[in-house]
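Asks: Okay, here's the prediction I keep looking at, along with the sequence it came from:
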Amino acid sequence: MYVQLQHMLADDLCKEVMGLFSRHREQGGTGGQLGTAYRRQLAELAYHRQAMRLLNDEYCFRIVFVS
């Protein structure tokens with residue numbers, strides 16, 4: 001676990017991804033209630049596109065939790 005944490009804190013790509021997440025979280029583009037998803041659609045799409053551009057050489061997938 002410590003090796004993974006060290007990697008996340010030291011790797012430049014991880015820092016960029018966390019920065020991207022933080023910026024888009026403030027704008028409401030990182031998810032929320034299913035009932036209000038239509039309001040966030042454009043913000044989530046912008047976040048998704050920027051993340052895919054940033055992680056173009058990585059294997060990425062999107063996880064959606066519905067409860």
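Replies: Structure's in. What do you need? Since we're looking at a predicted model, the values are computed, not measured. Numbering: from 1, shown residues only.
Asks: contact partners of stretch 51-62?
Replies: Residues from elsewhere that reach stretch 51-62 (C-beta atoms under 8 Å, 6 or more residues apart in numbering): 13, 16-17, 20, 48. Glycine gets a C-beta too; all of them are placed from N, C-alpha and C.
Asks: Which one of these is nearest to residue 35?
Replies: Ranked by distance to residue 35 (C-beta to C-beta), the contacts of stretch 51-62 are led by residue 48 at 20.0 Å.
Asks: circling back to that earlier point, who wins on neighbours among the contacts of stretch 51-62?
Replies: The most crowded member of the contacts of stretch 51-62, judged by other C-beta atoms under 10 Å, is residue 20 (18 neighbours).
Asks: And that residue, what's its pLDDT?
Replies: Looking at residue 20, its pLDDT reads 92.
Asks: any chance you could map the helices in this protein?
Replies: 2-10, 12-26, 37-54 (DSSP state H).
Asks: May I ask which helix or strand of this protein has the lowest mean pLDDT?
Replies: helix 2-10 (a mean of 60; mean pLDDT, DSSP states H and E).
Asks: any idea how far the residue nearest the centre of the chain lies from residue 35?
Replies: Geometric centre of the chain, nearest residue: residue 21, 4.7 Å, by C-alpha atoms, centre = their mean. Going from residue 21 to residue 35 by C-beta to C-beta, to the nearest Å gives 23 Å.
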